[in-house]
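Asker: here is a sequence with its predicted model. Questions after.
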Amino acid sequence: MSQFKSVVLAATLAVATTATAKEGADQYPNGAEGFMAGALPPPGTYFLNYAGYYSGDRYDSNGDKVKGVSVEAWFDAPRIVHVTQQQFLGASYGFAALLPIVRQEISTPGGDELVTGIGDMSITPVLLGWHWPEFHMIAALDIFAPTGTYDKNNPARSIGANYWTFEPVLAFTYLNKQGWEASTKLMYSLRTENDATNYRSGNEFHMDYTLARHVGSWAFGLGGYYVKQVEEDELNGTRLRDSEGQVFAFGPQVKYDYKNMSFIGKWHHETEVENRFGGDKLWFKFVLAF
């Protein structure tokens, strides 16, 4: 069962605590995709559910831990993907949508803030998949809408980012006859301004990756993600120095296919963190083909 360009999961992110940090949550849940990330499945309807837990501490622009600032979050995000019978440029065409639910607790020296609510919806109006004997490719466009819980006066009580993001995607999978797989998904986030604060977080490159071995119904591998903000943030049109965030994550992952279902488990440990929360993320993903 293949995986897809995914979704919003505001829980796994950094909430901005200073003027020199990306504002709001990561609208894409970095690390959500892995096994067969570049292989669109056959025509049909698919239900995917991403659930997990994240715990981390805040890091500044020097990569030093910010004392007393941490986050803990549980999340669940159902997604529907439909692949049509239509072809475009030789590719199968599909579309998708996802809406996450998050329980998030931010701890600061001033106290704790607990919030439960919905995150920013992800809509994928364009999802194209090409297939060759040992190589697969996906091109897509994700649109993240500001549907999430948001509090202008208290960022720690915000799950959504309160701005639109447009994200082109390219994903690739190589799987040979011996069962060795290499997959990656490349994304570039084009962010708009938050009208409530006149703050625009800088555009960002990020990627998920997986190296794995398939043995029968099982697959085992190493995966994770890399995030690099490539532009400085802006406040009222003025760029903020040293505001770019980054993180690299890695960890084991396993998948089991049974009939029309897939079960995926992952652990990702974050390192090289700047201007973000950094910690550990546990995932459980379920895929059902109708």
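Answerer: Arrived safely.
Asker: could I get the longest strand anywhere in the chain in PDB with only the CA atoms?
Answerer: The strand that spans the most residues within the chain, counting by DSSP state E, is strand 65-88. Below are the C-alpha coordinates for strand 65-88, written out as PDB (Å, rounded to 0.1, in the frame of the first residue of the first chain):
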ATOM      1  CA  LYS A  65      17.800  25.000  24.400                       C
ATOM      2  CA  VAL A  66      15.500  27.700  25.700                       C
ATOM      3  CA  LYS A  67      15.100  27.100  29.500                       C
ATOM      4  CA  GLY A  68      11.600  26.200  30.600                       C
ATOM      5  CA  VAL A  69       9.900  26.200  27.200                       C
ATOM      6  CA  SER A  70       8.500  22.800  26.000                       C
ATOM      7  CA  VAL A  71       5.600  21.200  24.100                       C
ATOM      8  CA  GLU A  72       3.700  18.000  24.400                       C
ATOM      9  CA  ALA A  73       1.000  17.000  21.900                       C
ATOM     10  CA  TRP A  74      -1.200  14.200  20.900                       C
ATOM     11  CA  PHE A  75      -2.700  14.300  17.400                       C
ATOM     12  CA  ASP A  76      -5.100  12.400  15.100                       C
ATOM     13  CA  ALA A  77      -5.600  13.300  11.400                       C
ATOM     14  CA  PRO A  78      -8.000  11.400   9.100                       C
ATOM     15  CA  ARG A  79      -7.500  11.800   5.400                       C
ATOM     16  CA  ILE A  80      -9.400  10.700   2.300                       C
ATOM     17  CA  VAL A  81      -7.500  10.200  -1.000                       C
ATOM     18  CA  HIS A  82      -9.300   9.400  -4.300                       C
ATOM     19  CA  VAL A  83      -7.500   8.300  -7.400                       C
ATOM     20  CA  THR A  84      -9.600   8.600 -10.600                       C
ATOM     21  CA  GLN A  85      -9.600   6.700 -13.800                       C
ATOM     22  CA  GLN A  86      -8.500   9.900 -15.600                       C
ATOM     23  CA  GLN A  87      -5.000  10.400 -17.100                       C
ATOM     24  CA  PHE A  88      -3.100  13.600 -17.500                       C
END
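Asker: for that strand, name the packing helices and strands.
Answerer: strand 44-59, strand 91-98, strand 101-108, strand 122-131, strand 277-289 (3 or more CB pairs under 8 Å, 6 or more residues apart in numbering; DSSP states H and E). All C-beta atoms are positioned from the backbone trio N, CA, C, and that covers glycine.
Asker: Gly117 pairs with what?
Answerer: For Gly117, the beta-bridge partners under DSSP bridges are Val102.
Asker: in contact with Phe220: list those residues for me.
Answerer: Listed by CB atoms under 8 Å, 6 or more residues apart in numbering, the contact set of Phe220 reads 212-213, 252-255.
Asker: are any of the residues you listed buried, and which?
Answerer: Of the members of those, the ones counted as buried by neighbours, 16 or more other CB atoms under 10 Å, are 212, 253, 255.
Asker: quick check: the residue nearest to the second one when sequence neighbours are not counted vs Gly221, distance?
Answerer: It refers to Gln253. Spatially, and ignoring its direct neighbours in sequence, Gln253 is nearest to Lys266 (4.0 Å; CB to CB, 6 or more residues apart in numbering). According to CB to CB, to the nearest Å, Lys266 and Gly221 sit 10 Å apart.
Asker: ok, Glu270 next?
Answerer: 18 Å.
Asker: show me which of those two is the more surrounded one.
Answerer: Glu270 (26 against 21; other CB atoms under 10 Å).
Asker: element containing that one?
Answerer: strand 261-274 (DSSP states H and E).
Asker: can you list the strands that that strand pairs with?
Answerer: Strand 261-274 has these strand partners (DSSP bridges): strand 246-258 (antiparallel), strand 277-289 (antiparallel).
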